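>>> Make a model of this:
(2 chains)
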Number of protein chains: 2
Amino acid sequence: MRLVVALGGNALLRRGEPLTAEAQDANIAIAARAVAAVAEQHDVIVTHGNGPQVGLLALQAAAFDAESPWPLDLLGAESEGMIGYLIERALIGHLPGRPIATLLTQVEVAADDPAFTNPSKPIGPVYDAEARTRIEASRGWPMAPDGTGWRRVVPSPAPVRILEILTIRHLIAEGILVICAGGGGIPVIVGPRGTVHGVEAVIDKDRTAALLARDVGADGLLLLTDVDAVYRDWGTEARQPIGETTTEELAALELDPGSMGPKVGAACEFVSNTGSFAGIGRLADAGAILAGEAGTRLGRLPA
Amino acid sequence: MRLVVALGGNALLRRGEPLTAEAQDANIAIAARAVAAVAEQHDVIVTHGNGPQVGLLALQAAAFDAESPWPLDLLGAESEGMIGYLIERALIGHLPGRPIATLLTQVEVAADDPAFTNPSKPIGPVYDAEARTRIEASRGWPMAPDGTGWRRVVPSPAPVRILEILTIRHLIAEGILVICAGGGGIPVIVGPRGTVHGVEAVIDKDRTAALLARDVGADGLLLLTDVDAVYRDWGTEARQPIGETTTEELAALELDPGSMGPKVGAACEFVSNTGSFAGIGRLADAGAILAGEAGTRLGRLPA
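Residues are numbered from 1 along each chain as shown, chains lettered A, B, ... in the order given. Below you'll find the model as predicted:
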């Protein structure tokens, strides 16, 4: 089977953990083990989020020079380099002899996407109320509530087209394990004469993962995170994990627009459009999700 | 002809210019025009330096958190993402319809390379004497003279093997313009069981460019920078640019180990090993160097 495996940025640099290279390395080692186990059985294309990382890189750039902020497309490209390298490096150790390639990926968005006037994607660390007020004032970054704290929010336009899709298909056809479209891809606008411009945004990686899975004809899309499933009645005592489900049931749920919402939306979109399979669950459960024994599952895998 | 074109990091983020995204964009636009003109006539593989950029990213990371420095291999990976994206994006505008791919590249170095105990590669901005003392004390970074100022120096081990070389060859065979081995490649050590570890170093991009050119069977290697040629008697009134030359003449010169030295070494190494062509000169002179009308030239292009 051909599977697109999407790793949550929050699973690679976790809330509450120190924002250090060591912590990131340790989490990526766990993710790589999970991906490698799937890749031993199936053709895998890996993609990943970058929310915490792109927010951290923005903080680093602003700490050095607050007057000339580094734009989000550049920071997104940096995060594709950093996270892609760490995943590729870790996978090599688990899959000796298997060719692995990390491809820088630009994703076209629409210049008039309504997301540009309504920043909604949380990036970077979670702040308490006091830090929120300080950072909002000093950096001018809009903030929105996230759990019990606050996070910076940025525009998150819909992915329209993966610019490097032909190259991705070539690499897959050669049997190469491809890591691509990191952080949802670097957001760009394509001008009338084919010129490309970067934009200040972070595309949701789950939506791009669904587009990628469709574009490469994947049999399944695995959205792996640090939560074991989608829940009914999330946030209440009565909450219950959802196993096998339908797009209708998922569409009726009220979900967090910053985390589970995009995953469910991407899974439903992919399955509605292709009749293939999508699963949402914990990194360590990747194999169990494919076996129908864990996670939230939608659609059908080939027999 | 198949040509490897190496763009100097100093030509993309120039000394004395502000370290802003805008300045970098403007220089990359110039570089992309030069590369596109060559790519209209020949098969081109692009590589680039990252000295100023990796130094800037290190300053950004240290400004945010001086206690947990971001290691140089991560910063190198970030710079491959950032610079690769900017070059690819700019090239698309000049070469409509031409597939272009930026590949993250790891380069193996030897764990016992003597460079690890003798940091020599300058990265980041040029400091005056006062700033040098301040940064050396606060960051613990070794500094060395560069022109009239000082720059941070880091270990620069020799490139041994490009890990993704098979993928690079596949992409070239598909007619894709490949951007790879940025910043000389992310420096890694390969352990006994095939596991890969990052190391604190920045590989010289000219040496990696020579290795890449040999590995892809290039007919020529163009090392493009902001100086028009290698000079006899550099730094004196009697200085004279060298046009057509030999490895013997170049070996006899005394050159700056931080800039022209590695270029001349890489050109000589490539031409001695392959009998092919190498040219060193200004970005805007790329076509003229190939035509034998500018730059310092070594060896022979196919008729």
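>>> Relative to residue B:129, how far out is the residue of the stretch 151-300 of chain A found nearest chain B?
Of all residues in the stretch 151-300 of chain A, the one sitting closest to chain B is residue A:195 (3.9 Å; Cβ to the nearest Cβ). Just so you know, the C-beta spots here come from the backbone N, C-alpha and C atoms, and that holds for glycine as well. The gap separating residue A:195 from residue B:129 is 44 Å, by Cβ to Cβ, to the nearest Å.
>>> and what of residue A:38?
56 Å.
>>> Ok, residue A:14 next?
Note on residue A:14: its distance to residue B:129, by Cβ to Cβ, is 43 Å.
>>> The two: who's more crowded?
residue A:14 (17 against 10; other Cβ atoms under 10 Å in any protein chain shown).
>>> pretty sure the more buried one contacts residue A:27?
Yes - shown here, residue A:14 and residue A:27 form a contact pair, counting by Cβ atoms under 8 Å, at 6.3 Å.
>>> what ranges do the helices span in the stretch 51-200 of chain A?
With helices called from DSSP state H, counting those that start in this stretch, the stretch 51-200 of chain A shows them at A:51-64, A:72-94, A:129-139, A:165-173.
>>> now those helices as JSON lines including mean pLDDT and distance to chain B?
Below are the helices of the stretch 51-200 of chain A laid out as JSON lines (pLDDT from 0 to 100; distance: least, Cβ to the nearest Cβ, whole Å):
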{"stretch": "helix A:51-64", "mean pLDDT": "93", "distance to chain B": "4"}
{"stretch": "helix A:72-94", "mean pLDDT": "97", "distance to chain B": "3"}
{"stretch": "helix A:129-139", "mean pLDDT": "90", "distance to chain B": "12"}
{"stretch": "helix A:165-173", "mean pLDDT": "97", "distance to chain B": "4"}
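>>> Most tightly packed of those?
Neighbour counts (mean count of other Cβ atoms under 10 Å in any protein chain shown) averaged over each of the helices of the stretch 51-200 of chain A peak at helix A:72-94, with a mean of 27.
>>> That helix vs helix B:72-94, what angle?
120 degrees (axes from the mean of the first three to the mean of the last three Cα atoms, to 10 degrees).
>>> so how far is helix A:72-94 off the chain centroid?
On the basis of Cα atoms, centre = their mean, to the nearest Å, helix A:72-94 sits 13 Å off its chain's mean C-alpha point.
>>> Now do residue A:258, the pLDDT please.
If you check residue A:258, the pLDDT there is 66.
>>> ok, back up a step: hang on, the residue of the stretch 151-300 of chain A closest to chain B packs against residue B:93?
Yes - the pair residue A:195 and residue B:93 passes the contact test of Cβ under 8 Å, sitting 3.9 Å apart.
>>> What segments of the stretch 151-300 of chain A are strands?
Counting by DSSP state E, counting those that start in this stretch, the stretch 151-300 of chain A has strands at residues A:161-162, A:177-180, A:186-190, A:196-198, A:220-225, A:231-232, A:240-241, A:244-245, A:277-282, A:296-298.
>>> Let me know the angle separating the fifth one from strand A:277-282.
To tie it back to what came earlier, the one meant is strand A:220-225. Interaxial angle, strand A:220-225 versus strand A:277-282 (the same axes, to 10 degrees): 20 degrees.
>>> sorry, back to before: the strands of the stretch 151-300 of chain A: which one's closest to residue B:298?
Shortest distance between residue B:298 and those, using Cβ to Cβ, is found for strand A:196-198: 35.8 Å.
>>> helices or strands up against the closest one?
strand A:186-190, helix B:72-94 (3 or more Cβ pairs under 8 Å, 6 or more residues apart in numbering or on different chains; DSSP states H and E).
>>> That one pairs with which strands, parallel or anti?
Neighbouring strands of strand A:196-198 in its sheet, by DSSP bridges, are strand A:186-190 (antiparallel).
>>> who touches the strand it pairs with?
Residues outside strand A:186-190 that contact it (Cβ atoms under 8 Å, 6 or more residues apart in numbering or on different chains) are A:72-73, A:76-77, A:80, A:104-111, A:157, A:161, A:163, A:196-199, A:201-203, B:85, B:89.
>>> residues contacting the residue lying closest to residue A:69 once chain neighbours are set aside?
Distances taken as Cβ to Cβ, 6 or more residues apart in numbering or on different chains place residue A:62 nearest to residue A:69, at 6.0 Å, with adjacent residues excluded. Counting by Cβ under 8 Å, 6+ apart, residue A:62 touches A:69, A:70, A:139.
>>> Nearest to residue B:282 among those residues?
Of all these, residue A:70 has the smallest distance to residue B:282: 28.3 Å, by Cβ to Cβ.
>>> OK, contacts around that closest one?
Each residue near residue A:70 by Cβ under 8 Å, 6+ apart is listed here: A:57, A:58, A:61, A:62, B:21, B:60.
>>> Surely residue A:69 touches residue A:59?
No - contact between residue A:69 and residue A:59 fails when scored by Cβ under 8 Å: they sit 10.8 Å apart.
>>> Next, count neighbours for the nearest residue to residue A:279 once chain neighbours are set aside.
The shortest distance from residue A:279 to any non-neighbouring residue, by Cβ to Cβ, 6+ apart, is to residue A:289 (4.0 Å). Counted with other Cβ under 10 Å, the neighbours of residue A:289 add up to 26.
>>> Show the pLDDT at residue A:289.
Per-residue pLDDT puts residue A:289 at 98.
>>> Next, find the distance separating residue A:155 from residue A:76.
For residue A:155, the distance to residue A:76 - Cβ to Cβ - is 12 Å.
>>> hmm, I was thinking of residue A:266
18 Å.
>>> With residue A:205 instead?
Where residue A:76 is concerned, residue A:205 sits at a distance of 10 Å (Cβ to Cβ).
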